[in-house]
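Undergrad: test case, fold it:
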Amino acid sequence: MDEDIKEIKALAKQALALAEDTNHIVRGMRSAQRWGRFFQFVWWMVIIGVSSATYYYYLQPYVGKLEDLYMQVQSTGQQSQNIGTQLQDLFKSYTTSSTSTTH
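TA: Purely as a prediction, here's the structure:
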């Protein structure tokens, strides 16, 4: 019986050592996961910051010029529509005046 108790105590000590070792490894994994999340967050903030700075300093002048060009094209289109409307009115007035003079 004494041998069985000694064997059980040895197995309990081994189980305790194994549990402590596993606990140590799991805590290290959790710590590594937290640091990984932190550095991943920092990485994405750097990517977003660099992209924003690149847009602001390098691309913004070109985008502004493209917007101005678009507005000019749009206003030119509106002017051409106005000219078309004026020409239609002129032709209408010419045809109505010519038909009224021939009768």
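Undergrad: all helices for this structure, in order.
TA: 2-54, 60-102 (DSSP state H).
Undergrad: least confident of these, on average?
TA: For the helices of the chain, the weakest mean pLDDT is recorded on helix 60-102, namely a mean of 77.
Undergrad: angle of it against helix 2-54?
TA: Interaxial angle of helix 60-102 relative to helix 2-54 (axes from the mean of the first three to the mean of the last three CA atoms, to 10 degrees): 50 degrees.
Undergrad: what residues sit buried inside stretch 43-56?
TA: Neighbour-count burial for stretch 43-56, counted by 16 or more other CB atoms under 10 Å, picks out no residue. (Each C-beta comes from the backbone N, C-alpha and C, glycine too.)
Undergrad: return it as CSV; C-alpha atoms alone will do.
TA: Output of stretch 43-56 as CSV, limited to C-alpha atoms (Å, rounded to 0.1, in the frame of the first residue of the first chain):
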residue,chain,number,x,y,z
TRP,A,43,0.7,48.6,-38.9
TRP,A,44,-2.8,49.5,-40.2
MET,A,45,-2.6,53.0,-38.7
VAL,A,46,0.7,53.5,-40.4
ILE,A,47,-0.7,52.3,-43.8
ILE,A,48,-3.8,54.6,-43.4
GLY,A,49,-1.6,57.5,-42.3
VAL,A,50,0.9,57.2,-45.1
SER,A,51,-2.0,56.8,-47.7
SER,A,52,-3.7,59.9,-46.3
ALA,A,53,-0.5,61.9,-46.3
THR,A,54,0.3,60.8,-49.9
TYR,A,55,-3.1,61.9,-51.1
TYR,A,56,-2.9,65.2,-49.2
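Undergrad: could you count how many residues lie near Glu3?
TA: Using other CB atoms under 10 Å, Glu3 is surrounded by 7 other residues.
Undergrad: cool, the one 3 residues further on as well?
TA: When counting by other CB under 10 Å, one arrives at 10 neighbours for Lys6.
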